[in-house]
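Dropping a prediction and its sequence here:
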Amino acid sequence: MKRNAILMIFVALILAGCAGSNKYEGDFSFEVEDFTFTNQDGEDFSKSELDGKFWVANMIFTNCNTICPSMTANMARLQGLLEEENIDAELVSFSVDPTNDSPEILKKYIEERGGTLDNWNALTGYTDEEISQFASNSFKAFIENPENEDQVVHTSQFYLVTPDGNAIKKYTGDQADNMQKIVEDIQAMN
């Protein structure tokens, strides 16, 4: 009898722990893999530095001649909206062309499109294969850097990541009106 009571308490504690781990509601829940990459200042930047904060991730490259300029301008727009609403959130852009996107080039690219690097990290310092695998595992996103091509095939989505490290929503990154939607979604979960 006593053993059954202890077992029931143990099971209840486990179930309570599981319920608490999915605190944020979204359209899906993808655990973002741990990472340590190089940011725009040439410093190591790790996922652990984002713990406890909402963050928005996207994938860009600086030689992109299609959606990346508007996506980066929209990320800068999002940065301004977050500041206006006094929301403490981070922005992270992963380069999908790490061979060409040095920290200095990424920094200049963001600043030229109106962004500041106070709460925005642009990451590089990995291989094409590593970023492709990371994007697939963490965001279920496709990246392909074809040989003898100058344009990388990649997602145009912005991903909302919760303070516990799970991507839960995505937004089309080249549509400016989605930036307000991201702000509203973060406000609703705070």
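Received it, and whenever you're ready, just let me know what you need.

can you give me the strands for this protein?
Secondary structure of the chain (DSSP state E): strands at 30-31, 36-38, 44-46, 54-60, 89-95, 120-123, 143-144, 153-154, 157-161, 166-172.

show me what contacts His117?
Careful, residue 117 is Leu; it's not His. Taking CB atoms under 8 Å, 6 or more residues apart in numbering as the definition of contact, the neighbours of Leu117 are 40-41, 107, 110-111. Every C-beta, even on glycine, is put in place using the N, C-alpha and C of the backbone.

For Glu90, see how far away it is.
Here the distance between Leu117 and Glu90 works out to 11 Å (CB to CB, to the nearest Å).

Likewise for Ile60?
Distance of Ile60 to Glu90, given as CB to CB: 16 Å.

Of the two, give the one with the bigger neighbour count.
Under the criterion of other CB atoms under 10 Å, the comparison of Ile60 against Glu90 puts Ile60 first, with 26 against 18.

Once you drop chain neighbours, what's closest to the more buried one?
Using CB to CB, 6 or more residues apart in numbering and skipping residues adjacent in sequence, the residue nearest Ile60 is Cys68, 4.4 Å away.

The one you found contacts Asn74, doesn't it?
No. Counting by CB atoms under 8 Å, Cys68 stays clear of Asn74, with 10.5 Å between them.

just for this structure, where's the confidence low?
Along the chain, segments meeting pLDDT under 70 span 1-22, 143-154.

Would you map the helices across this structure?
Read by DSSP state H, the chain holds these helices, from start to end of the chain: 2-20, 68-84, 103-112, 128-139, 177-189.

For Lys170, find the nearest of those helices.
helix 128-139 (7.7 Å; CB to CB).

quick one: that closest one to strand 54-60, angle?
140 degrees (axes from the mean of the first three to the mean of the last three CA atoms, to 10 degrees).

With that, I have no additional questions.
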